[in-house]
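In: generate coordinates for the sequence data below:
(2 chains)
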Amino acid sequence: MHARLVAWVFAGPALLVLAVFFALPVAAALLLSLTDFDLYALADPAHLRFVALGNYLDLLRTPLFWKSLGNTFYFVLVGVPVSIALSLAAALLLDSPLARMRAAFRTALFAPVVTTVVAVAVIWRYLFHTSYGLVNWALGHVGIAPVDWLGDPRWAMPTIIAFAAWKNFGYNMVILLAGLQAIPRDLYEAARIDGASRWRQFLHITLPQLGPVLLVVGVITVSGYFQLFAEPYVMTRGDPLQSTVSVLYFMFEEGFRWWNLGRASAIAFVLFVVILAATTLLLRFGRRRGAL
Amino acid sequence: MRLRWPIIFGAMLVAMLPVLLAACARDDGATTIRFWAMGREAEVVADLLRDFEREHPGIRVELQQIPWTAAHEKLLTAWAADALPDVCQLGNTWIAEFATLGALEPLQARVDASAVVEEDDYFPGIWGTNVVDGVLVGVPWYVDTRLLFYRRDLLERAGVREPPRTWAQWEQAMEALVRQAGPGQHAILLPLNEFEPQLSFALQAGDPLLRDDDGRGNFRSPGFARALAFYAGLFERGFAPPVSETQISNVWDEFFRGSFAFYLSGPWNIREFRRRQPPGMEGAWGTMPLPGPDGPGAGIAGGTSLVLARGSRHQDEAWRLVEFLSRPDIQQRFHAMIGNLPPRRSTWSHPALASDPLAHAFRDQLERVRPTPQVLEWERIVQEMRLVTERVVRGGLSQEAAMAELDARVDAILEKRRWVRARDAEAAGAR
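Out: As a prediction, this is how the structure comes out:
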């Protein structure tokens, strides 16, 4: 009995913080999503109506919602593999016994993660500028006509993906690097004695040993990438032709541009369910493969 | 990656503001009023404020500069936190919204008593944007409308002697221009990411854009049908290229290169075009009022106003500042600093403005600007109008279907307004 009490005392502060700053806002947002809270309600609370699931049903009938969901899936399905592959490649290079100036490279590759999105986006907008950009200038030298990277509906999302992958790969790289360094060296030694090539060592030792780390990295990245917002907000504002409107951007517009906070909360919960489903699937898949 | 809840930061900033200001204010018996201004206006108005403080030793002005992109959010969070400034610059598409929230002080009595702010001296269209449900809540500070920048030399080469005044004449002129045009050249540039061209034509056609006490869309009206047919026809007949602004890397260069002879734009571009004109182009281009369906046409009544916050404790001092900034001599100086167009006729008679041939067309156009419906959903409605008309131009939607869809979308957006109005009317009836 005494031990239990002590346990609660220790857990108490954390639980209190969780309740006030997490459980309560989430519950409030859930309630909000069942109402049509907007500017009229802000002006006079009597103008608030309970609409039950009206916001959710309305959302399913909104073409822009489906478009934003499609854009977000495009970003996640292409961006997550690209980003993790980039992280893994960088981690392998840093882990290689041949690598020199390891600390300097690790810092340099990690630097994009800690820089401000807005500042970096300004530089990227210049790099990808149609007429003055470095990228088109380089392409021009190999005879490729200039591409309107951020103004062409077909290229805007790939550009955003490249930006996000570059900005975020350093974080996963550090985690994967720690995972790589934890792999016992004698496994490689045994494989080398058996005559396994570098590539087979990677396939049969590195990848399986990294399994749990990769799964964690995958889950974090998927849930992070579903919440795409800052990149389109600073680079394109959702244009051209709404091809870079993500679900979160759509929610931001509904909530803070038009002040339909009820609808915006509903979008947030739909996104939550989507992320929950995607990460659950990923975990199931990982468990079946024996990663955890 | 994650949304950083800008509103929380905004609210925190706003909550801290009084503390910060109290810390800054020197206690010399003067009343301090807070004034929020936006964008470039905020930078230049500081000079004028020094003169205001000299004229009114008992009043000090705390100016805060707010970037346009953050202004709307910041104002709303400030309102929610009861921390609006005493005087504020407000874009006139936001006036209806803040009036609905009850954030703005009615001003008619002050205007009636004022020796400076004379209603008759203001362009009526622009004054009208400050009247919500019959209540005056703002005083126009500067105006903004759209008209045509045009290449006089290209028109003359195409055999057009007189600037067109009606839609029919305008179409003839564009027809002649297109006949002369080389590859990649068009008669006019109307970027598809803008709503101003469609809105200008719709205002010219005359039918109100909303009906039933502004509770429903009125986009199936004959007037809007005529405006849409005219707008879509400009693209169908090859007068205008179906592109958005981002696809034109530099409108000024393209204009002087002759890629288009007409460009629908606002007063800020007078400066830009003048600054960027290549040698030898002086006099080869100019501005002209918008042609209308049957004669000189109406225009958009844009711009910003000065408003007083309802909760302010220094309204008398704040009103002094509004009067000061409304004085023709001050407005003229403001125009000289930044190029924004003054809303008063008497300011326009100042030599600097009266002798500027490029500003002249704006003076003419301003007599015919028309306010858009004063509902808080308006910005959203024009966005929908742009998206739907873009689909007409890019293909895939007939004009009738577009009008029906626009009405349906706008009706849905205004559903809450109808409900609120009906409820308020019922409550008033019960009393």
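In: okay, CA-based contacts and neighbour counts for the rest of this
Out: OK.
In: how about the residues of the stretch 51-200 of chain A near chain B?
Out: Listed as neighbours of chain B in the stretch 51-200 of chain A under the rule CA under 8 Å from any CA of the partner chain: A:130-131, A:148, A:151-152.
In: of these, which is the nearest to chain B?
Out: Among those, residue A:151 lies closest to chain B (CA to the nearest CA), at 5.6 Å.
In: which of the three states applies to residue A:41?
Out: helix (DSSP: H, G, I helix; E, B strand; the rest coil).
In: helix, strand or coil for residue B:37?
Out: Here residue B:37 is recorded as strand under three-state DSSP.
In: residue contacts, it?
Out: When contacts are counted by CA atoms under 8 Å, 6 or more residues apart in numbering or on different chains, residue B:37 touches B:63-66, B:88-89.
In: let's see 10 Å
Out: B:43-46, B:63-68, B:71, B:87-90, B:306 (CA atoms under 10 Å, 6 or more residues apart in numbering or on different chains).
In: please name the bridge partners of it.
Out: Using DSSP bridges, the bridge partners assigned to residue B:37 are residue B:65.
In: chain A versus that one, what's the distance?
Out: 20 Å (CA to the nearest CA, to the nearest Å).
In: so who does the most centrally placed residue in chain A touch?
Out: Central residue of chain A (CA atoms, centre = their mean): residue A:225, 1.9 Å from the mean position. Residue A:225 makes contact with A:72-73, A:75-77, A:79-80, A:161, A:164-165, A:168, A:219, A:275, B:1-2, according to CA under 10 Å, 6+ apart.
In: coming back round to it: how about the residues of the stretch 51-200 of chain A next to chain B in JSON lines, adding secondary structure?
Out: Listed next are these as JSON lines, based on three-state DSSP:
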{"residue": "A:130", "secondary structure": "coil"}
{"residue": "A:131", "secondary structure": "coil"}
{"residue": "A:148", "secondary structure": "coil"}
{"residue": "A:151", "secondary structure": "coil"}
{"residue": "A:152", "secondary structure": "coil"}
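In: which one among those gets closest to residue A:260?
Out: Among these, residue A:151 lies closest to residue A:260 (CA to CA), at 28.6 Å.
In: any idea how many residues pack against the closest one?
Out: The number of residues packed near residue A:151 is 22, by other CA atoms under 10 Å in any protein chain shown.
In: now it: phi and psi?
Out: phi -110, psi -10 (degrees, to the nearest 10).
In: now it: how far from residue B:365?
Out: 33 Å (CA to CA, to the nearest Å).
In: can you tell me the closest non-neighbouring residue to residue B:206?
Out: Counting by CA to CA, 6 or more residues apart in numbering or on different chains, residue B:223 is the residue found nearest to residue B:206 once chain neighbours are left out, at 6.1 Å.
In: so what's the backbone phi/psi at residue B:305?
Out: phi -120, psi 170.
In: got the contact list for it?
Out: The contact partners of residue B:305, by CA under 10 Å, 6+ apart, come to B:88-95, B:126-127, B:129-130, B:137-143, B:322, B:343.
In: mind checking which of those residues land in helices?
Out: If you go by DSSP state H, the contacts of residue B:305 have B:95, B:126-127, B:322 in helices.
In: neighbour-wise, which one of the residues you listed leads?
Out: Of the ones in helices among the contacts of residue B:305, with other CA under 10 Å as the count, residue B:126 tops at 31 neighbours.
In: quick check: residue A:162 is in a helix.
Out: Yes. Looking at residue A:162 with three-state DSSP, it is inside a helix.
In: state the distance from it to residue A:79.
Out: Counting by CA to CA - residue A:162 and residue A:79 are separated by 8 Å.
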